[in-house]
Each structure stands twice: as C-alpha cells, then as structure tokens.
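Participant: 3D, please:
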Amino acid sequence: MIAAADFNITKVQRSKLNDINLENIPFGKYFTDHMLEVDYEDGEWKTPEIKPYQPLLIAPSLAALHYGQSIFEGIKAYKNPKGEANVFRPHDNFKRFNISAERMQMPQVPEDIFIEGLRLLIELDKNWIPNQEDHSLYIRPFMFSTDEMIGVRPSDKYKFMIILSPTGPYYNNPMRIYVEEQYVRAVPGGVGYAKAAGNYGAAMYATAEAKKKGYDQVLWTDAFEHKYVQECGTMNVFFIIGDEAITPDLGAGTILAGVTRDSVMETLKDIGLTVKEKSLSIDEIIDAHKSGLLREVFGTGTAATISLIKELRYKEYVMDFDVDLWKIAPEVKSRLNQIRYGLAPDRHNWMFKI
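Facilitator: Residues are numbered from 1 along each chain as shown. Reported below is the predicted structural model:
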C-alpha cells in the first residue's frame, strides 16, 4: 500500500494562477501548477511524484508514439459554498481506467496511486477550481507505453500521469448533429468500450466532414447496417420518447460506459421517467419525431456534462427542436449541478471530498 507520505512532492515557487483569470476560461487550454507522474518498470510501480507541471523528455522510438498503447480518463472537481473541493465519482473512473488498461494490455494502476495521487494533487492545486457556474477543474489521468524500441508487442514499461485544467463549458450552445452512415467509430469485439486514445483520433475525419456540412458533431451508427445509433461524438446520447428515456445499451461493447451516462440515468429515474437501455434504430427515432413523441435529444459526458441537441439530420430528413421549451434535460443538468456544487444532498454518495 502507498500512503500520502510515500509520494515525493515538489512544489512550485510561484503559482501561475497569479497570471490567469479563471472567469470564462476555455476548455483544456490552461493547466495547473503541478502534475503527478509514476513509472511502471520491472513489473512494479515505482515511487509516485507530484512535481511542477513541465514538458516530458521522450525518445523518438517511444512505443506509444508508434503502436498506440495509450488510455485516459476525464473527471471533474468542484467547489461547494464552503470553498471545499469535491470530485465527482472518481472511483468509477478508476474502475473504468483499469478496464481500458486490460483491453490495451497495460498494467493495472493501483487504487492508492490513482485515488490518493488524485487527492493529493487536487489538494495542492485546489485554488485553481473556478467559482463560476458550469466551470470546474478537469482532471486528466492517462497512461502510455514507454519502451524505447520498434516492435509490435505490449511494452514492459509505462508511465501514469495526472494533470489538471481549470475549464469552462465544452459546448457553449445547443448542437447540430449529423447522423453518420459511412464511417464507423467501433465494432463488436473492438475497443469501443475502452477510453483509448486511438478511438478519438479515428473519429476526427468523420467529424471534420460533418463540420464542413455545418454540423457540430456526428451521431455514430453501427458498423454493419448503419441503422442503430451508438455514441454522439465524444458523448453518450439520450432520447426522450414519450415518457421514456432511451439510451443505447452497452451489450455490443461499442459504447463507452459513461460515468455521466450512469448518473443521468439515476437522475432521470429520480424525476419519474422510465429509463431503458436498448438498441435504438434511426428509423424508430424518425417515427417518434413524425408522431410528435420525440421530445428531447441530448448528449452526456464528463467534459460536455449535458449538451442539448437542437437539430438531428439523417440523409435529407431534418429533425429540429426548440430547446427553449425543454424541461427534462435542463432539470437533469440542474439536479446534477446542485449535487456537484454542494447545493443539494448527495443521496447517491457521488462526491469524493478532498
């Protein structure tokens, strides 16, 4: 077991926070004073370090650059009215991180390094947590292979790190979404359920093509029929049809098991909706829209939280929504924010106190 005293901690002499205004800060542009770094060598994790945020010195032959053994997570920390820092469901992200590690043939990161390292790092940089609405401290744990050789095989060495970034909203406005029919995000038996870096790199071309058409993101469909919806860009997706909330199920292994997704499902149940995880075809969605039963569509994710979708296009059929009239997605977002910012009781025990 690694305790707090086992971490080597080196503090900065002067905080960069003196030079940054945290109001209306963009997503992922600035990083806090410190970072966590620990190496895996000879079958064991070495002494973890918390040190000033700095560049890494890497070899051109670094295995991660050539063969893509790289995974990450996204977590957020918030301040309550007392100024205390709390993290939203980090243990769930820890579990998912190691599921990704297993799929990518990487070592498991121990909980005492992941959670205690995260706690110590945030405790050191908690003044970086913004106070504005829809702002937070974004936490990025990641791991990559560090063997210095060319050869397709799992590495023997790895580096696990955590960096922190004060951030505002990921999507500022309701989105226009294009239903993707040609390109594929994931297939059964693939790595769609893992938070692997390559998943995001592979998605960029289709997203760029959609943006040329004037859309913000794509709604991915299955690889075989391009009929069943999966994820929406970097988010899970929900459809409010009648009195039911429907989200694609995880059974095929093509969809990331989102922590925000799970939280939204619990919150939807709290407000009285029936929640279903099932295969959902684009034809069913169009039929629901034509009959007036498709009430709301929104994406969920750590970075995005809840993002309203104002337009959904499939081929030449366009579904427009007046998001100003929506009740459910704004209510879910409000309830989650009340918990995250310490303004409502945390009945699900989601918040982890720093």
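
Participant: Which of the three states applies to residue 77?
Facilitator: Taking DSSP: H, G, I helix; E, B strand; the rest coil as the rule, one finds residue 77 in the strand state.

Participant: Could you find the closest non-adjacent residue to it?
Facilitator: Nearest non-adjacent residue to residue 77, counting by Cβ to Cβ, 6 or more residues apart in numbering: residue 137, 4.2 Å away. To be clear about C-beta, it is placed using only N, CA and C from the backbone, and glycine gets the same treatment.

Participant: how many other residues sit next to that neighbour?
Facilitator: Using other Cβ atoms under 10 Å, residue 137 is surrounded by 24 other residues.

Participant: tell me the contacts of it?
Facilitator: Contacts for residue 137 (Cβ atoms under 8 Å, 6 or more residues apart in numbering) come out as 32, 76-78, 85, 122, 125-126, 128-130, 164-167.

Participant: From residue 1, how far out is it?
Facilitator: Distance, residue 137 to residue 1, by Cβ to Cβ, to the nearest Å: 27 Å.

Participant: For the residue nearest to residue 301 when sequence neighbours are not counted, give me the backbone phi and psi.
Facilitator: Distances taken as Cβ to Cβ, 6+ apart put residue 235 closest to residue 301, at 4.0 Å, once the chain neighbours are dropped. Dihedral pair for residue 235: phi -130, psi 160, per degrees, to the nearest 10.

Participant: Could you tell me the per-residue confidence at residue 235?
Facilitator: Listed pLDDT for residue 235 reads 95.

Participant: Tell me which residue of the protein is furthest from the middle?
Facilitator: Distance from the C-alpha centroid of the chain, by Cα atoms, centre = their mean, peaks at residue 291 (33.5 Å).

Participant: where exactly do the helices run in this protein?
Facilitator: With DSSP state H, the ranges of helices along the chain come out as 63-67, 90-103, 111-125, 197-212, 259-270, 282-290, 328-340.

Participant: Show me what the fourth one is packed against.
Facilitator: For helix 197-212, the elements it packs on are strand 70-72, strand 217-221, judged by 3 or more Cβ pairs under 8 Å, 6 or more residues apart in numbering; DSSP states H and E.

Participant: try the first one
Facilitator: If contacts are counted by 3+ Cβ pairs under 8 Å, 6+ apart, helix 63-67 sits against strand 136-145.

Participant: what about the strand it packs on, average pLDDT?
Facilitator: Strand 136-145 comes out at a mean pLDDT of 97.

Participant: Run the chain-centre distance for it.
Facilitator: Relative to its chain's centre, strand 136-145 lies at 10 Å (Cα atoms, centre = their mean, to the nearest Å).

Participant: Parallel or antiparallel, list what pairs with that strand.
Facilitator: Partners of strand 136-145 in the sheet, by DSSP bridges, are strand 70-72 (antiparallel), strand 75-79 (antiparallel), strand 158-167 (antiparallel).

Participant: pull the CA atoms of the second one into PDB?
Facilitator: Output for strand 75-79, consisting of C-alpha atoms alone and laid out as PDB, is shown next (Å, rounded to 0.1, in the frame of the first residue of the first chain):
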ATOM      1  CA  ILE A  75     -13.000  13.600 -14.100                       C
ATOM      2  CA  LYS A  76     -14.100  16.900 -12.600                       C
ATOM      3  CA  ALA A  77     -13.700  18.600  -9.300                       C
ATOM      4  CA  TYR A  78     -16.000  21.300  -7.900                       C
ATOM      5  CA  LYS A  79     -16.100  23.800  -5.000                       C
END
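
Participant: Next, the angle helix 259-270 makes with it.
Facilitator: 60 degrees (axes from the mean of the first three to the mean of the last three Cα atoms, to 10 degrees).
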